[in-house]
Structures are given as C-alpha cells and as structure tokens.
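Student: here are the coordinates; sequence isn't available:
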Ligand code: NAI
C-alpha cells in the first residue's frame with residue numbers, strides 16, 4: 001500500500017504513542033518508535049506485536065500481514081534515528097516547555113520537508129510551534145484513547161501551519177482507517193470543548209441537590225439515549241484525567257462561565273476517588289462491576305386524585321393523551337379543583353416559579369419534563385417544589401408508573417435534568433460553530449465518534465427543537481441569573497427563525 005508518509009517517527013511510546021504506531025504500521029508506513037526510556041519503546045513494540053498476534057488468532061489478520069507489519073515497526077535507540085522520517089508524531093508528556101524543546105531538537109535533525117505533529121490534548125499548537133524555524137511544518141494531530149478503536153482524529157492548524165500539511169495529515173488519517181476532522185487551534189479543539197456540556201452540567205445538578213449521581217445517570221441514559229451517564233463516564237475516564245481538562249479549558253477561555261468546573265470533582269480527585277481504575281469513583285466497584293444503588297420503589301397509592309394540566313404545559317396535547325392512556329381522571333376547568341393534582345410542564349423554569357406565575361397551589365403542584373416525546377423515552381421525570389405535599393408527589397409518581405415505564409422524581413430545578421444537559425450541550429456546540437472552530441459537519445462527526453453521544457450535538461438540538469432549547473436557556477438564565485446559560489448568538493438566530501441547526505449558510 002502506498003501511504004502519504006513512508007517513514008513515520010513516533011516520539012513517546014506510552015498509551016497514545018503505541019496506538020498511533022500500530023495504526024501507522026497497519027497503513028503501510030515504516031514506523032520508528034522512540035522514547036527517552038528505552039524500555040518503554042520495546043515494551044510498546046512487544047504490546048503491539050501481541051495485539052497483532054491476537055488479531056491473527058481471531059482470524060482478523062493473516063500471517064503474512066502480521067509478518068509484514070512487524071517488519072515495519074521498529075524501535076529507535078536515539079532521536080537522531082528519526083532523521084529519515086517524513087512525518088513525526090509526538091506523544092510525550094503534556095508540558096509546553098518539554099514539547100517545544102523536543103520539536104526544536106527535531107527540527108535540527110529532520111529535513112525541511114518533514115511534517116511535525118503533536119498529539120497534545122490541551123496545549124496550543126501555535127504556542128508549541130512559536131519558536132520553531134519552520135512553524136509552517138507543524139500541526140496538531142489529536143488522537144483518542146484507545147487509538148485503534150477511537151476512529152477519529154482532530155487535525156489542528158496553528159496560526160502559521162501550511163494548509164497543505166493539514167490536508168495531507170487528513171488524507172493519511174483516512175489511510176489509517178480514521179476519520180479526520182479539521183479544527184482551529186483553540187482550547188480543547190473540538191471534542192474536549194464540545195464535551196464540556198455533559199459532565200459539567202450534570203455536576204452542577206448534583207451540586208444543587210436536585211438529584212443524586214445514579215438518578216442523573218439513569219435519566220440521561222433512559223430519557224436522552226446516552227450510552228453512559230455522565231458519572232459512569234467520569235468514572236471510566238478517571239478524574240485525574242478529566243478534572244485537569246475541565247480546569248484547563250476553563251482557564252484558557254479566561255474563566256468563561258460555560259466551562260466552569262465543579263468543586264465536587266476537585267475534592268474527589270484530592271481524595272483519590274478518581275474512578276473505576278482505583279475501584280472507587282462516583283460508584284464503588286467490586287470485581288470491576290459498579291455497585292449501583294437501587295432505584296427508589298414506586299409508592300403504593302390507594303387513590304389517585306383528579307389531575308389538572310396547566311394550559312401552558314409543553315406538549316400539552318400529548319400530556320393529556322398520556323394521562324388518558326394511564327387512566328387518570330382529567331379535570332377540564334379553568335383552574336384546578338381543591339383536590340386536584342396540578343401538573344405543569346415548563347421548559348427551563350423551575351416548578352416554584354411556574355406555580356407562582358400561574359397562581360397555582362404549590363403544595364399540589366408537580367412538574368413533568370415534556371421536552372422529550374414520551375413515546376421516544378424509557379423514563380419519565382417528575383419534579384417537586386419545596387412545598388409539594390408527599391401525597392401529591394407519590395400520587396404523580398404512581399400514576400406515571402402505571403404502564404410500567406420508569407419514573408424518577410427530582411427536586412426543583414430550573415430545567416429538568418435532560419433539559420439542562422441537552423440545552424448546555426447544544427449551546428456549547430453552537431458557540432463552537434459561532435467561533436468557526438470547525439464546520440458543523442465536522443463537529444457532528446467529532447462528537448459522535450470522539451464522545452460516543454447518540455447523535456451529534458446539532459442533531460440533538462434539532463431533535464428537541466432549536467426553539468425549545470432556546471426557551472430552556474432563556475428561562476434558566478432568568479432562574480439562575482447566570483451567564484453560563486446565555487444562549488450563543490448562533491443558536492439564538494437559528495432558534496428565532498426556526499431553522500435547522502445543520503443548515504449551512506449561503
Ligand atoms: P504516557 O505517560 O502513557 O506516555 C508518555 C511517554 O512519553 C512515556 O513513555 C515517557 O517515557 C515518554 N516521554 C516523556 N518525555 C519524553 C521526551 N522528552 N522524549 C521522548 N519520550 C518522552 O502518556 P499518554 O497518555 O500516551 O499521552 C501522551 C500525549 O498524548 C500527551 O500529550 C497527552 O496529553 C496526549 N493525549 C493523551 C490521551 C490519553 O487519553 N491518554 C488522549 C489524547 C491525547
């Protein structure tokens with residue numbers, strides 16, 4: 001196979017370097033692996049060889065292929081050996097001074113045409129290249145862990161990078177079986193920037209005492225279709241990796257409130273409860289299996305009171321149909337009778353505010369999240385306000401669980417769990433588009449492949465309705481008085497005129 005780069009050098013043979021070395025060799029390049037710790041390069045070589053042997057045992061590779069790959073994966077004993085390379089990918093310690101020093105040294109070893117690439121996840125490519133003689137030869141090439149499985153790579157242009165180099169790196173990514181996405185050199189690039197919405201908003205919800213970790217994970221999996229809940233994901237990634245990323249992006253954006261990290265992860269990191277790999281994170285692990293607290297049972301309720309639905313409820317017709325299907329007695333008066341369970345379904349507003357504005361009795365008022373089409377979700381989410389009576393809460397819980405669908409009851413919050421997390425994800429994605437960090441299509445690809453979300457963030461916004469997402473954000477901004485919920489102008493414009501978030505401007 002003819003690859004764009006025939007000789008590829010990898011500096012740093014840790015978790016990332018070995019993954020990149022593996023796919024580069026598989027693409028047909030000859031790979032030279034260098035590490036300051038000589039044992040690290042040979043250990044990486046051994047690990048990759050055994051990967052290939054396993055794939056051969058499974059029948060996914062044949063013996064000739066494996067022999068060919070092995071012949072082309074070599075260890076270099078000194079940096080000078082990389083002089084022959086036409087591409088060098090760096091995957092060493094995440095420190096600007098060390099990376100900049102390495103590239104300056106490499107520049108004196110390699111030819112003027114050699115492409116230099118950094119796998120940095122959080123440093124600026126422009127800053128790493130700033131002191132180079134040929135900054136136009138240097139680009140970001142950001143892979144994800146584990147490299148052979150995570151089939152996306154961000155190709156990042158620094159301020160002086162030659163666009164032809166990014167084009168060639170993108171082509172080479174395809175030769176390695178990966179999908180390239182083009183990103184501007186900005187904090188977190190695409191994936192680590194777009195990923196801020198999920199975990200940080202979930203942490204904020206926990207921090208407010210609205211719901212516990214396990215409930216939030218259940219809601220986001222069952223109601224919004226995420227494969228892993230945010231706390232399961234943080235346990236998997238481990239807080240020693242993810243908390244510094246949250247801090248770094250927040251500070252690099254000059255304390256932009258949208259990216260504000262949480263004291264919850266800071267404290268857990270300090271306490272060593274970093275996740276699955278140490279057996280304890282948000283969940284405890286026994287034999288690598290998360291110990292998930294049992295879900296609260298559906299309360300036993302002898303008689304369910306009649307139900308009155310606010311005329312301002314989101315998806316009101318659907319909600320009334322659902323209540324009918326569940327066998328509820330529905331009141332049709334202008335206001336609720338003195339016995340009625342009063343249902344509201346706000347977007348972004350808290351239940352207390354709605355009860356006051358609509359002049360309802362807060363003691364009998366319960367909220368339901370109707371952002372998501374009931375038919376499309378495996379869980380219904382109800383919210384109380386501080387005055388809600390327990391009999392009303394339990395009646396609502398029992399009623400909505402009548403057909404066997406799971407129900408979670410959370411405390412009052414501006415926006416329910418799914419509304420908050422979805423709106424935050426869509427808003428941050430919209431801001432990425434506003435800043436022209438990447439194309440909307442590359443954003444969708446990067447997030448779907450890099451974060452494993454059920455769909456891209458813009459498609460998510462379209463699914464729930466840009467106007468609804470905008471309404472959630474406007475109202476949350478009012479409830480919290482916090483600029484982190486300020487809608488991005490990009491979303492605001494599209495929401496205002498009811499346009500698809502994937503619409504490409506002429
Ligand atoms: P690692 O700690 O597993 O491996 C780093 C390797 O680089 C070690 O073997 C070390 O001996 C070697 N090294 C350190 N300084 C060196 C130098 N000056 N010259 C040559 N070798 C040197 O680290 P990992 O996780 O592979 O990360 C490497 C880079 O990739 C970092 O910049 C990191 O931010 C980035 N990255 C990491 C991801 C991850 O999930 N681990 C994901 C995406 C990017």
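Tutor: Received the coordinates, thanks. This structure is a prediction, so every number in the text was calculated from the model and none was measured.

Student: For the ligand, what's the nearest residue on this protein?
Tutor: Nearest to the ligand, among the residues of the chain, is residue 14, at 1.7 Å (CB to the nearest ligand atom). Glycine gets a C-beta too; all of them are placed from N, C-alpha and C.

Student: Backbone dihedrals for that residue, both of them.
Tutor: Backbone torsions of residue 14, given as degrees, to the nearest 10, read phi -80, psi -150.

Student: Can you verify my assumption that it contacts residue 41?
Tutor: No: if you go by CB atoms under 8 Å, residue 14 and residue 41 don't touch, sitting 10.3 Å apart.

Student: what about the two, which has more around it?
Tutor: residue 41 (25 against 15; other CB atoms under 10 Å).

Student: Show me the domain layout of this protein.
Tutor: As given by automatic domain parsing, the domain ranges for the chain are 7-185, 193-291, 307-410.

Student: Adding mean pLDDT, write those out as a markdown table.
Tutor: Shown next, in a markdown table, are the domains of the chain (pLDDT from 0 to 100):
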| stretch | mean pLDDT |
| --- | --- |
| domain 7-185 | 97 |
| domain 193-291 | 96 |
| domain 307-410 | 97 |
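
Student: and residue 289, how many neighbours does it have?
Tutor: Neighbour count for residue 289, taken as other CB under 10 Å: 10.

Student: Over to it: give its phi and psi.
Tutor: phi -110, psi 130.

Student: what sits against it?
Tutor: By CB atoms under 8 Å, 6 or more residues apart in numbering, no residues touch residue 289.

Student: Likewise for residue 13?
Tutor: Contacts of residue 13 (CB under 8 Å, 6+ apart): 21, 33, 34, 35, 40, 41, 43, 44, 45.

Student: Which of those fall within helices?
Tutor: Among these, the ones falling in helices (DSSP state H) are 21, 40, 41, 43, 44, 45.

Student: got the buried residues for stretch 294-311?
Tutor: For stretch 294-311, the neighbour count (16 or more other CB atoms under 10 Å) marks 298, 304, 305, 307, 308, 309, 310 as buried.

Student: Doesn't the third one lie inside a helix?
Tutor: No: secondary structure assignment places residue 305 outside any helix; it is coil (DSSP: H, G, I helix; E, B strand; the rest coil).

Student: ok, it to residue 435 distance?
Tutor: Using CB to CB, to the nearest Å, residue 305 is found at 51 Å from residue 435.

Student: And the second one, by the same measure?
Tutor: Distance, residue 304 to residue 435, by CB to CB: 50 Å.

Student: what does the protein put close to the ligand?
Tutor: Residues of the chain found near the ligand (CB under 6 Å from any ligand atom) are 11-17, 35-37, 40, 91-94, 98, 102, 119-121, 143-145.

Student: Okay, and which of these map to helices?
Tutor: 15, 16, 17, 40, 98, 102.

Student: ok, residue 35 - contacts?
Tutor: With CB under 8 Å, 6+ apart, residue 35 has these contacts: 11, 12, 13, 14, 17, 41, 44.

Student: closest to residue 365 among these?
Tutor: Nearest to residue 365 among the contacts of residue 35 is residue 14, at 55.0 Å by CB to CB.

Student: So residue 487 is in contact with residue 475, correct?
Tutor: No: Residue 487 sits out of contact with residue 475 when judged by CB under 8 Å, with a separation of 10.8 Å.

Student: before we move on, back to that, ok, of the residues of the chain next to the ligand, which come out buried?
Tutor: Using 16+ other CB under 10 Å, the buried ones in the residues of the chain next to the ligand are 11-13, 16-17, 35, 40, 91-92, 102, 119-121, 143-144.

Student: Excluding chain neighbours, what is closest to the residue most central in space within the chain?
Tutor: By CA atoms, centre = their mean, the mean C-alpha position of the chain lies nearest to residue 195, the distance being 3.3 Å. Nearest residue to residue 195, sequence neighbours excluded (CB to CB, 6 or more residues apart in numbering): residue 451, at 5.4 Å.

Student: so who does the one you found touch?
Tutor: 191, 194, 195, 198.

Student: between these, which is closest to residue 505?
Tutor: Among the contacts of residue 451, and counting by CB to CB, the member closest to residue 505 is residue 194, at 20.2 Å.

Student: For residue 314, identify the helix or strand it belongs to.
Tutor: Assigned by DSSP states H and E, residue 314 belongs to neither a helix nor a strand.

Student: Over to residue 419?
Tutor: Under the assignment here (DSSP H and E), residue 419 is part of helix 417-434.

Student: Which strands or helices does that helix pack on?
Tutor: In terms of contacts (3 or more CB pairs under 8 Å, 6 or more residues apart in numbering; DSSP states H and E), helix 417-434 is packed against helix 191-194, helix 196-207, helix 213-222, helix 440-451, helix 457-464, helix 466-480, helix 489-496.

Student: So for the last one, what gets flagged as buried?
Tutor: If I follow you right, that is helix 489-496. In helix 489-496, counting by 16+ other CB under 10 Å, buried: 490, 491, 492, 493, 494, 495.
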